[in-house]
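Student: coords below, sequence missing:
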């Protein structure tokens, strides 16, 4: 049993045991929500934690998977509800708030800013089902299994969609001028992904 699972199990009877989960996952969940919903991320994050706390007794490792994937699934549902209420589209790849202000980080952000329009255009070309798995694994650093859990599909389906999305992104980004100067694009290496 992982630390998260132990904390969630204890939180069923001891509400204070829920706090380490909030401390451990709030930053990642906030970044996920901010990239998709912008400035309402704070409000949505509060809703995510209220939902997770209310449903803490419903979590089962065998049926549900990891606590992290379960939390991202709750966050995804709140983001989707927000989009439906406001008829606004998600913007994967938008910068998350905060960050490191070292010169290397500034250079990296400038390079990313040059690539961002092409990256967004390429992401828009992907089918939504592939794009979502790619964004969850690349930006949110979920494993393919956690991404599968988040969107409610099987792990093999998520790996297949991720493979297709990575191949399409390589093809779509191959024509970008910045990539031509640097040579062929490197393969997208994602946490937990098998190449």
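Tutor: All right, it came through fine. Quick caveat: nothing in here was measured; it's all calculated off a predicted structure.

Student: can we go C-alpha only for contacts and neighbour counts from here?
Tutor: Fine.

Student: Can you list the low-confidence ranges for the protein?
Tutor: 1, 61-64, 87-112, 176-195 (pLDDT under 70).

Student: Helices of this protein, start to end?
Tutor: Assigned by DSSP state H, the chain shows helices spanning 3-11, 19-37, 41-54, 61-64, 67-86, 103-125, 128-138, 144-151, 155-173, 177-182.

Student: how about those in TSV, adding mean neighbour count?
Tutor: Listed next are those as TSV, based on neighbours: other C-alpha atoms under 10 Å:
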stretch	mean neighbour count
helix 3-11	17
helix 19-37	19
helix 41-54	17
helix 61-64	11
helix 67-86	19
helix 103-125	14
helix 128-138	21
helix 144-151	25
helix 155-173	18
helix 177-182	12
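
Student: According to the record, where do the domains of the protein fall?
Tutor: Using automatic domain parsing, the domain parsing of the chain gives 3-86, 103-182.

Student: Thought residue 173 was touching residue 118, still the case?
Tutor: Yes. Between residue 118 and residue 173 there is a contact at 7.1 Å, judged by C-alpha atoms under 8 Å.

Student: who are the neighbours in contact with residue 156?
Tutor: By C-alpha atoms under 8 Å, 6 or more residues apart in numbering, the contact list for residue 156 is empty.

Student: ok, so what distance separates the nearest residue to residue 47 once chain neighbours are set aside from residue 49?
Tutor: Distances taken as C-alpha to C-alpha, 6 or more residues apart in numbering place residue 78 nearest to residue 47, at 7.5 Å, with adjacent residues excluded. Residue 78 sits at a distance of 11 Å from residue 49 (criterion: C-alpha to C-alpha, to the nearest Å).

Student: cool, residue 80 as well?
Tutor: 16 Å.

Student: same question, residue 142
Tutor: Residue 142 is 19 Å from residue 49, by C-alpha to C-alpha.

Student: Residue 168 now?
Tutor: 35 Å.

Student: Check residue 145 too.
Tutor: Residue 145 is 22 Å from residue 49, by C-alpha to C-alpha.

Student: for residue 6, same thing?
Tutor: In this view, residue 6 and residue 49 are 17 Å apart by C-alpha to C-alpha.

Student: again, but for residue 174
Tutor: Counting by C-alpha to C-alpha, the gap from residue 174 to residue 49 is 41 Å.
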